[in-house]
Structures are given as structure tokens and as C-alpha cells.
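>>> Below are the sequence and a predicted model for it; my questions follow.
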Amino acid sequence: MIEKVKHKGLALAILAAAQFMVILDATIVNVALPAIQKALHFHGESELQWVVTAYALAFGGFLLLGGRLADLFGRRKLFLTGIVVFALSSLAAGLAQDPTQIIVFRALQGLGGALLSPAALSLVLTIFKEGPERNKALGVWSMVAAGGGAVGLLLGGLLTQYVNWRWNFFINVPLGALTMLAAYKYVPASLPQAKQRVDYLGAVSITGGLMSLVYGLAKAADAGWGATSTLVSFGIAAALLITFVVNEARIKHPLIRLSIFSRRNVTGGTIIQLLMPAAMFGMFFYLSIYQQQILGYSPTKTGVANIPFTLAIMLVAGVMSRQITKINPKAVLTIAPLIVGAGLLYFARIPVHASYLTDILPGMLLMASGMAAVFVTATMATTNGVSHEESGLVSGLLNTGQQVGGAIGLAVLTVVSTAATKSELANNAVGGVPHALVHGFQRGFIAAAVFTVVASFVALVVFKIHRADAADIKQEAETEAEALAAIPGA
């Protein structure tokens, strides 16, 4: 049940503004990474990656819990709670004085996003009637969210260069306050559902396990694979992840109903949504550092240079959405990851002295085209044949997979890149630190390309062939909005 809505347009604008803020924060920080590294004295990329990873893991780890809490305790209540957590943690991140503080507050930002994002979309789906009205609202929702990616890249550069990198976080405070005040007046309250057990253990164990896994990978990059700290982290990760699986299998209302993976396309789609963002997180992370520390780009120039990626994704995704009924999704999901891989291999040849038009832009456009095709097609193919009652779980899995895959992938790529850079420096490479860093970035891009090859193989052997029909497109419109990635540039 939900209160009668007098101003649906205003309610949609408020809810979309909150989602805009979440996605804005995923891109705005990437441009500021070199400035954050210098100001807070991060020790190399293996530590700096936690500014991105902490947010993504908390967002992905608690996303499904956020959706369940919104249903149980009221969507507007969770929406407002999420805004408060997000805004306050943004303020704290902007005031951070050392790496530990900003990493902790970035994780709290991710938790806030995980609470408000599913609640906001649930409100959109309940406010607008199924059919043309809802489709139009979801179109606005997706457009605003996609715009957040592009605006974040440019705004992050402007704030970092002309104000201070801390304002990349401070900006969320007035945005959050205005959104919360407007929501009280124009967003309707919904009655909570009958009380059920909330799977807090599932959310904490999966998030803690993944954080411990990524921490182990980060320690391996610095201390080595056989170090006590590395092995202890991996042991804790294994224990927590096993706890999660056992817990999900035995409780009545699990966070993830494991039987959903008996559907081949759900399993395949989730794996692909783990692997592809792993490659894309690495691209944005390394490109931002490469453009500013190696090529000498200003933060603003870096933001502008990355906007073509977002625009290309929007363009190709729009075309794919209109043509989805005419294509074979299995063929697209087999070929599109290889296009992304081609873009990554193009980046693997970046020189110390590069031309944007010949050394960066072509790889960026290849990656954007392939990623857009993957996102649109994977959403449709994964949700095909899934009941409306299960679509929320599947869309949550896709979004969770994007965040978790990106975080773990970035950690793996950092291990590869750091090892290559250290090896190059140890060999007294000609060109010094810049050459060694670029050599590490190149190896990172090659490792990222491996993810795309594996994703292509999964699509080839796991997915069932099914051409989309009108019913699929109707369901895909909602689920694509639910699974919209809050990731750099998407």
C-alpha cells in the first residue's frame, strides 16, 4: 500500500535526483584519485584502489539487504535513512585526514547507497502504473542516472582543479539535504510488509568475506603471497564466504535464494556481470592515474577526456534496446566481450608520451561499444523466463555482481600492475618511475582483457539461445533500470 500521489512528476524528480547523486559519486571520485593519493599520502596503487573498492563492496554487499529492508520497513523510510547515511559519510570522507579514514567513510557511503537506491526504484515502480506511464518514468530514471556518470567525470575534474578534491564529497551534503526535505513533502510513504526475519548474517558475511578477500589481494601485492597477513586474510575470507553459503541454504528468508542459480541464464548472466565490470573498473582507475601522473593532464582535462566513453555507452545502449528483438543475444554476449577485450589490448600499448586521439580514444570507444552491448543484452537474456516475483532478486544479483566483480577485479589487476612495476624498477629500467608505472598499467590492461575472454566463453557454453519477444522487452525495461550500474562511466 502507498499513499495517493498528487505530484508524480515531482516525486520522480526527487527519486531520480537521489540516484543521480549515487552514480555521480561513483564517477566523480575517479578523476580525483591522484589528488587524494598525494594529499592523504597513500602508498601506491594497491592502497589507493581501496577508495574505489570500499565503496563498491559495501554498495554491492548490502544492496540486496537494502531492497529487503525497504519492503519490510517502508520504502520512503529506508530511502530517507539511506540519504542521511550517504550525506553524513560524504561529509566525513571530505574531512578525512588519512587513508584509513577515507576508506572507512567510503564504505559507509556505499552502505548509504545500498539503502537508498533500491528503495528509490521501488517507489518509482509503485508510484507509476504498469504500462506506458511506468515505461516513461523508467526512461527518465535511466537517462538521469546515465547523465550522472557523464556529469561526475566533468564535475570531478572542475572541483579537484579549481576548488579542492574534498568538495567531490562535500557536494553530496547540500544535495542530500535538499533531496531529503523534498522527499518528506512529495514522495509518498508506503506501509511496511508483514514482519519477516531479515538476513543480516548473510549481508554481513558476504560483505566481510569479500572485503577480506580483497584485503588479502592488496597485501599480496606488497607483502607477498606467503606473508602471514595475506594468508590470514584469505582464511577469514574463506570462512565468511562458507558461512554465507551455509546460511543462505538453511534459513527461510535468505538474502539470495541459491536455487535461482539452477537457471542457466541467471548463472551465466551473473558471472558475466562479475567479469565485465572487473575490466572496466580497472580501465578507469589506471587511465585516471596515467592521464594525470604520466601525461600531465589537469583534473578537468582528464574528466573531459573520459566523457566520450559515457556518451558512447548511452548511444550504443539506446540502439541496442531498440534492436534487441532482431538479434541473437547469445551471439552478442559472445562477441561483445571480445570487442571490450580488443579495446583493453589497445590500451596495453600505451606509451609514456601519448596522443589522445590515436592512443586513448580508439580503445575507449571500443570498450564503450562492447560494454553497452553486454549490459543491455545480459539484462534481457538473464531475466528471460523469470517470474515477476523473482525479477527483483535477479536484478539485484546483476547489480551486486557489477559492484563485487569490479572491486575484486580491480584488486586482481592491482596485484598484476604493482608486481610488473616493481619488477621493472628492480631491473633498473631506462626511463625510471614513469616508464615502470606505464609498464605496470600495460600488464594490468592485458590482465583485464583476460576477464573479457572468460566472459565470452561463459556466454558461449552457458547461455541458452532465445530471441527476445515483446513480453521480454516489457520485463527488461524494468529490470534494466533496477540493474543500472552505479559504476564509473556507465
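Received it, and whenever you're ready, just let me know what you need.
>>> Is Ala18 in contact with Leu78, as I believe?
No. Between Ala18 and Leu78 there is no contact under Cβ atoms under 8 Å: 11.6 Å. (Glycine included, C-beta is placed from N, CA and C.)
>>> who touches both of the two?
Common neighbours of Ala18 and Leu78, using Cβ atoms under 8 Å, 6 or more residues apart in numbering, are Leu116.
>>> Show me where the stretch 1-150 of the chain dips below the pLDDT cut-off.
The stretch 1-150 of the chain contains residues with pLDDT under 70 at 1-6, 145-146.
>>> the domain parsing of the chain - what is it?
Using automatic domain parsing, the domains assigned to the chain come out as 1-196, 200-250, 257-490.
>>> distance between the ends of the second one?
Domain 200-250 has an end-to-end distance of 14 Å (Cα to Cα, to the nearest Å).
>>> what sits up against stretch 353-373?
So stretch 353-373 is contacted by 276, 279-280, 283, 287, 291, 295, 305-306, 308-310, 312-317, 320, 332, 336-344, 346-347, 349-351, 452, 489-490 (Cβ under 8 Å, 6+ apart).
>>> Drop anything exposed from these.
Among the contacts of stretch 353-373, those classed as buried by 16 or more other Cβ atoms under 10 Å are 276, 279-280, 283, 287, 291, 295, 305-306, 308-310, 312-314, 316-317, 320, 332, 336-337, 339-344, 346-347, 350, 452, 489-490.
>>> Among those residues, which ones are in helices?
276, 279-280, 283, 287, 305-306, 308-310, 312-314, 316-317, 320, 332, 336-337, 339-344, 346-347, 452 (DSSP state H).
>>> From Gln442, how far off is Leu274?
According to Cβ to Cβ, to the nearest Å, Leu274 stands 24 Å off from Gln442.
>>> So for those two, which sits in the more crowded spot?
Here Leu274 and Gln442 are compared on neighbour count by other Cβ atoms under 10 Å; more neighbours surround Leu274, at 24 against 20.
>>> what ranges do the helices span in the stretch 101-250 of the chain?
Applying DSSP state H, counting those that start in this stretch to the stretch 101-250 of the chain gives helices spanning 132-162, 167-170, 172-186, 200-223, 228-250.
>>> Specify the stretch among those that is closest to Thr400.
With Cβ to Cβ, the closest approach to Thr400 among those belongs to helix 200-223: 8.8 Å.
>>> Check the average confidence over the closest one, would you?
What helix 200-223 shows for mean pLDDT is 85.
>>> can you offset everything so residue one is 488?
In the new numbering, first residue 488, that becomes helix 687-710.
>>> Could you verify my assumption that Asn886 touches Gly547?
Yes. The pair Asn886 / Gly547 is scored as a contact, 7.3 Å apart, by Cβ under 8 Å.
>>> Compare neighbour counts for these two and give me the winner.
The residue with more neighbours, out of Asn886 and Gly547, is Gly547; 29 against 25, by other Cβ under 10 Å.
>>> need the contact list for that one.
Gly547 makes contacts with 597, 601, 697, 886-891, 894, as judged by Cβ under 8 Å, 6+ apart.
>>> what would the helices of the stretch 588-737 of the chain look like in a markdown table with distance to Glu911 and mean neighbour count?
What follows is the helices of the stretch 588-737 of the chain, written out as a markdown table (distance: least, Cβ to Cβ, whole Å; neighbours: other Cβ atoms under 10 Å):
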| stretch | distance to Glu911 | mean neighbour count |
| --- | --- | --- |
| helix 619-649 | 29 | 20 |
| helix 654-657 | 32 | 23 |
| helix 659-673 | 39 | 17 |
| helix 687-710 | 15 | 21 |
| helix 715-737 | 22 | 16 |
